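>>> Return a 3D structure for these sequence lines:
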Amino acid sequence: MTVTYVIDGAEVTGLESFWQVIGAAVNGPGGYFGSNLDALADCLRGGYGTPDDGDFVIEWRRHELSRRALGQEETVRTLQRRLERAHPDNRAAIQGRLDAVRAGGGPTVFDELVRLIEEEAPGVLRLL
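Residues are numbered from 1 along each chain as shown. Prediction:
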């Protein structure tokens, strides 16, 4: 039997709230289901609240609200924070992504989340 986890796009107001919303959807209030892209990928591979057989769906309802909240402005903010903490060898690449996003190009945080979910758990995500 397929288990459905619901993300309400209206509750996603930034990247931090996304981690809270997906954690609560999968593992109940205060639950965990990743706190960065690598951790989300691990969770999607199983063992963090989803069924052992992998039979689950993530319904991201009102996803357009999340798309706006996780758009260019949030992407710039996220990349700026990443740049501040980055190893010197990685700064040029992050700065390049930041410059591209500021110019209106490149993937947004929303795009990265959707891409990751679709890559790690093909067919699981439903954008409604």
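>>> from here on, contacts and neighbour counts on C-alpha atoms
Fine.
>>> number of nearby residues for Trp60?
Close neighbours of Trp60, defined as other CA atoms under 10 Å, add up to 18.
>>> change the start of the numbering to 374 and stick with it
All set: I'll call the first residue 374, so the last point we hit is now Trp433.
>>> Contacts for the host helix or strand of it next, please.
Here Trp433, judged by DSSP states H and E, is contained in strand 429-434. Contacting residues not belonging to strand 429-434 are listed as 375-382, 423, 496-501 [CA atoms under 8 Å, 6 or more residues apart in numbering].
>>> Just name the closest of these to Leu471, please.
Gly382 (24.8 Å; CA to CA).
>>> ok so, going back, using neighbour counts, give me the buried entries of the contacts of strand 429-434.
Tyr378, Val379, Ile380, Asp381, Gly382, Thr423, Val497, Leu498 (16 or more other CA atoms under 10 Å).
>>> Can you verify my assumption that the fifth one contacts Glu437?
Yes. If you go by CA atoms under 8 Å, Gly382 and Glu437 touch, sitting 7.1 Å apart.
>>> Using the three-state scheme, assign the residue nearest the centre of the chain.
Taking CA atoms, centre = their mean, the centroid of the chain lies closest to Leu486, which sits 3.4 Å from it. Of the three states, Leu486 takes helix under DSSP: H, G, I helix; E, B strand; the rest coil.
>>> Please name the nearest non-neighbouring residue to Thr386.
Ala442 (5.2 Å; CA to CA, 6 or more residues apart in numbering).
>>> Next up, the contacts around the one you found.
Val385, Thr386, Gly387.
>>> just to revisit the earlier point, from the contacts of strand 429-434, which two are the most distant?
Thr375 and Gly382 (21.5 Å).
>>> how about low-confidence regions in this structure?
Scanning the chain for pLDDT under 70 picks out nothing.
>>> The residue nearest to the centre of the chain - nearest residue in space that isn't next to it in sequence?
Closest to Leu486 by CA to CA, 6+ apart is Leu410, at 7.4 Å.
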